[in-house]
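Q: Please find the sequence and the predicted model below.
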Amino acid sequence: MYLSSSKKSGGSILTLAGLICYFLGLILRFDRFLLILGNLLFTAGTCYIAGASTLALFFFKPSKFKGSACCFIGLFLILCNWTIFGTFIQLFGFFYLFRDFLPQLYSSSKYIPGIGPYICNSPSIHEFIGKISGQGKIASV
């Protein structure tokens, strides 16, 4: 799928604004409005970049059911004014949804100036990423 530069930048800005709002909601003692706004902007940004059907297929994949359920239950709890519990359940769900991407982030970390080679050459970090991503062994970089 070809993405135009305006679609890439628009979706990236929406997604980044969602992450910033969510982070600010956490810092400002679980501010309900910012947490909901962060969820909406993040979802709108990823939907704008990937498309609604691709996003729906990602969330409703059988292997992602635990993470999707936790995200939706967490959002519902935030809407019901149980922000602390909802946020922790939602963060748990985000971890389960996106943990498959940890090995790619780990292998991309070698391009970080200054600390990249130390991260990639550390066997303990390599083993830790393999354990929490659920893949056991990951390819070395």
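A: Yep, that arrived. Numbering: from 1, shown residues only.
Q: per the record, what domains does the protein have?
A: 1-59, 64-141 (automatic domain parsing).
Q: Extract the CA atoms of the helix or strand containing residue 57 and return them as PDB.
A: Per DSSP states H and E: residue 57 is located in helix 52-59. Included here for helix 52-59 are C-alpha records, laid out as PDB according to Å, rounded to 0.1, in the frame of the first residue of the first chain:
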ATOM      1  CA  ALA A  52      -9.800   0.900   9.400                       C
ATOM      2  CA  SER A  53     -10.000  -2.700   8.000                       C
ATOM      3  CA  THR A  54      -6.300  -3.400   8.700                       C
ATOM      4  CA  LEU A  55      -6.700  -2.000  12.200                       C
ATOM      5  CA  ALA A  56      -9.800  -4.100  12.800                       C
ATOM      6  CA  LEU A  57      -8.000  -7.200  11.600                       C
ATOM      7  CA  PHE A  58      -5.100  -6.400  14.000                       C
ATOM      8  CA  PHE A  59      -7.300  -5.900  17.000                       C
END
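Q: Identify all contacting residues around stretch 31-39.
A: Outside stretch 31-39, the residues within contact range by Cβ atoms under 8 Å, 6 or more residues apart in numbering are 18-26, 28, 75, 78-79, 81, 83, 86-87, 90. Bear in mind the C-beta positions are built from the backbone N, C-alpha and C, glycine included.
Q: What residues sit buried inside it?
A: Of the residues in stretch 31-39, 31-32, 34-39 count as buried by neighbour count, 16 or more other Cβ atoms under 10 Å.
Q: In CSV: those residues, plus pLDDT, distance to residue 55 and secondary structure.
A: As requested, the buried residues of stretch 31-39 are arranged in CSV below (pLDDT from 0 to 100; distance: Cβ to Cβ, whole Å; DSSP: H, G, I helix; E, B strand; the rest coil):
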residue, pLDDT, distance to residue 55, secondary structure
31, 95, 26, coil
32, 95, 24, helix
34, 96, 22, helix
35, 96, 20, helix
36, 96, 18, helix
37, 97, 19, helix
38, 96, 17, helix
39, 95, 13, helix
